[in-house]
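Chemist: Output the structure for:
(chains A and B)
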Amino acid sequence: MPRYAGNVDAVRSLVCETEVHRDIYVDEEVFQLEMEHLFANTWVYVGHDSQTPNSGDFYGTMIGTQPVLMVRHTDGNVKVLYNRCPHKGTRITGETHGNTGKFFRCPYHAWSFNTDGSLIALPLKNGYENTGFEASHAAQGMTAVRHVRNYRGFVFAKLNDGGATFEEFFGESLSSLDNMVDRSPAGRLEVAGGVLRYVHNCNWKMLVENQTDTCHPMVAHASSAGTAVAVWNKAPPGASKPMAVEIFAPFMSPYEFFENMGIRVWDNGHGHTGVHSSIHANYSAVPGYFEKMAAAYGEIRAKAILDENRHNTVYFPNLMVKGPIQLLRLFKPISANRTLVESWTFRLVDAPDVLLERTLMYNRLINAPTSVVGHDDLEMYERAQEGLRSNGNAWVNVQRLYRPGEAGEVNAVTNGTTEWQMRNQFRAWAKFMTMSM
Amino acid sequence: MISAVPTNQELIDFVYHEARLIDQHRFEEWLALFCEDGRYWMPLEWGQTDPRLTCSLMDEDKLLLTIRVERLKGNRTFSQKPKSRCHHVLQAPQIDSSDEAANAYVTWTPMHYIETRLDEQMLFAAWATHTLTVDDGRLMIKMKRVDLVNCDAAFGSIQLFM
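Modeler: You can find the predicted model right below:
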């Protein structure tokens, strides 16, 4: 018996001002509604256009639980198509990446399609004469996602016709993507280094919340970052600090550091930590990089770009980017209690290789299934997914530094240990869940 | 003590011993098998050649290995409460090269590795490539490379050493 489908009031009642109901994390019906509504009414990250540089290049991925293809069309634009043959439903591509040439050809019955999805030809076509085939679903070809936007290389798509325009949805939050791109002297990024894929037996929103949870690093990561600091402290005096220690050590910063780094809260569930400083602020300078930036932008602008040290920017619903180290994490929902975390890295075109080396080391040390920091976090998420089954308390608290009336404020900057950004996400969750019910 | 030039049997015995130390959680003894500039490398890509500008699952120098070993013992290492256990099944190591002049000996060992914690048990298939050297009468690890047959698959947490 469905409890939430078509019941706007029941869905809204899951999100209160300062707490949310556990069904948001554990209930399969709520999860299915998220896939049907939330992931269709919002602009969801698909991929980066450097993954499909040439005509016919494709990349297969998911929007929510919908299999899609991102493809470079013959006109040079990136298209997003639902990845199924309109004939029998066969997934058109087997490999994640590839080049299909000028058209897709289904491997089952050889129906072929342009890279915008339109049907070109099918064998024994006379078998469809006088059958009314032209009016069939199949004759429409591979269904294209109508709302696709390539923002400076980042490709987003919205499955439903309703919801906000791209600009309304993201507003000022696009400044974090801008900063990441601007860090390239050429103003361009390329996906590089491979993707880390880490299965989490927990709800996808636990990961999204964790991105702006600044009260956990010094606790949950004492085992990894704390041990790294302790081991390094035994090094002989004068030894030069390795890149790995530079990456680990800031996780152990005290509460005051995180309070002072600040959080900015945007509309529609977006927000970021690291307004004034961040754990990425004190990495060693890379020789030759500033000179290239100054040559490209002028010294003043180059300095302004590099002085921005945003920590984690959440793009609601399921994306996080780290501009200062050119890293992107996508939290792909599989079921209420299962999530695939993909961690992608980028090369700053025309910048020294050492920057990519540091980005890759960060990704490996923090986000890999073999990462000790990752182990710390996943243990907490999985315990929460288990603990929420308890009937002792049906609510999760997100009250820290709450102020009545905050929901009306946009583009606010506040204390870095607030849970306002989590509340912001849940307000957006309720909005985009119910707008098409 | 082993001779200045190790016999094939000594190389093979070393590889078996190394796996045994991991299975028995004798991590400090295991760590002591690595040269000061030794590395443990688990590529992310099939046939990966570059550990620097291509990401790896693990690419650990002795400092990072030490951090891992210390962390496994830590009182606040909650992902090891309870602790993981592991089990190696090795095929007989094959000697790929013995270069006395360079003091470098390379072995290749297909293996199955099981890691378990609570009710979960994971099975991995991999090839271990050891580059060993003789230092002060002991065989030491210059490089242990572990190539998973499914290196690019999505995994849950892998917490110990293969």
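Chemist: Is A:Lys332 located within a strand, as I assumed?
Modeler: Yes. Assessed with DSSP: H, G, I helix; E, B strand; the rest coil, A:Lys332 lies in a strand.
Chemist: Which residue is the nearest non-sequential neighbour of it?
Modeler: Take A:Lys332 and drop its neighbours on the chain: the residue closest to it by CB to CB, 6 or more residues apart in numbering or on different chains is A:Leu340, 4.3 Å away. C-beta: built from backbone N, CA, C; applies to glycine.
Chemist: Correct me if wrong: that neighbour contacts A:Arg329.
Modeler: No. Using CB atoms under 8 Å, A:Leu340 is not in contact with A:Arg329; the gap is 11.0 Å.
Chemist: Give the buried residues for the host helix or strand of B:Val106.
Modeler: According to DSSP states H and E, B:Val106 maps onto strand B:104-117. Neighbour-count burial for strand B:104-117 flags B:105-111, B:113, B:115, B:117 (criterion: 16 or more other CB atoms under 10 Å in any protein chain shown).
Chemist: pLDDT value on B:Leu33, please?
Modeler: pLDDT recorded at B:Leu33 is 98.
Chemist: quick one, what contacts it?
Modeler: Residues near B:Leu33 by CB atoms under 8 Å, 6 or more residues apart in numbering or on different chains: B:18, B:21, B:139-141.
Chemist: What helices and strands are in contact with the helix or strand that the strand holding B:Val106 is followed by?
Modeler: Of the helices and strands lying after strand B:104-117 in sequence (DSSP H and E), the nearest is strand B:120-135. For strand B:120-135, the elements it packs on are helix B:8-23, strand B:104-117, strand B:138-148, judged by 3 or more CB pairs under 8 Å, 6 or more residues apart in numbering or on different chains; DSSP states H and E.
Chemist: what angle separates strand B:120-135 from helix B:8-23?
Modeler: Counting by axes from the mean of the first three to the mean of the last three CA atoms, to 10 degrees, strand B:120-135 lies at 140 degrees to helix B:8-23.
Chemist: Give me the sheet partners of strand B:120-135 and which way each runs.
Modeler: strand B:104-117 (antiparallel), strand B:138-148 (antiparallel) (DSSP bridges).
Chemist: what's the helix or strand for the residue nearest to A:Lys332?
Modeler: Going by DSSP H and E, A:Leu340 is in strand A:338-348.
Chemist: and that strand, average pLDDT?
Modeler: 98.
Chemist: Also stretch A:47-62?
Modeler: 98.
Chemist: So which bits of that stretch are buried?
Modeler: A:47-52, A:55-62.
Chemist: who's in contact with B:Phe27?
Modeler: Applying CB under 8 Å, 6+ apart, the residues contacting B:Phe27 are B:21, B:69, B:72, B:161.
Chemist: go again using 7 Å as the cut-off
Modeler: B:69, B:72 (CB atoms under 7 Å, 6 or more residues apart in numbering or on different chains).
Chemist: Can you report phi and psi for it?
Modeler: phi -70, psi -30 (degrees, to the nearest 10).
Chemist: how much space is there between it and chain A?
Modeler: 13 Å (CB to the nearest CB, to the nearest Å).
Chemist: Please tell me how far that residue sits from A:His37.
Modeler: Remark: distance between B:Phe27 and A:His37 (CB to CB, to the nearest Å) = 49 Å.
Chemist: who touches the residue of the stretch 201-350 of chain A found nearest chain B in this structure?
Modeler: Minimum separation of the stretch 201-350 of chain A from chain B (CB to the nearest CB) falls at A:Ser223, amounting to 4.0 Å. Applying CB under 7 Å, 6+ apart to A:Ser223 gives the contacts A:376, B:71, B:74, B:76-78.
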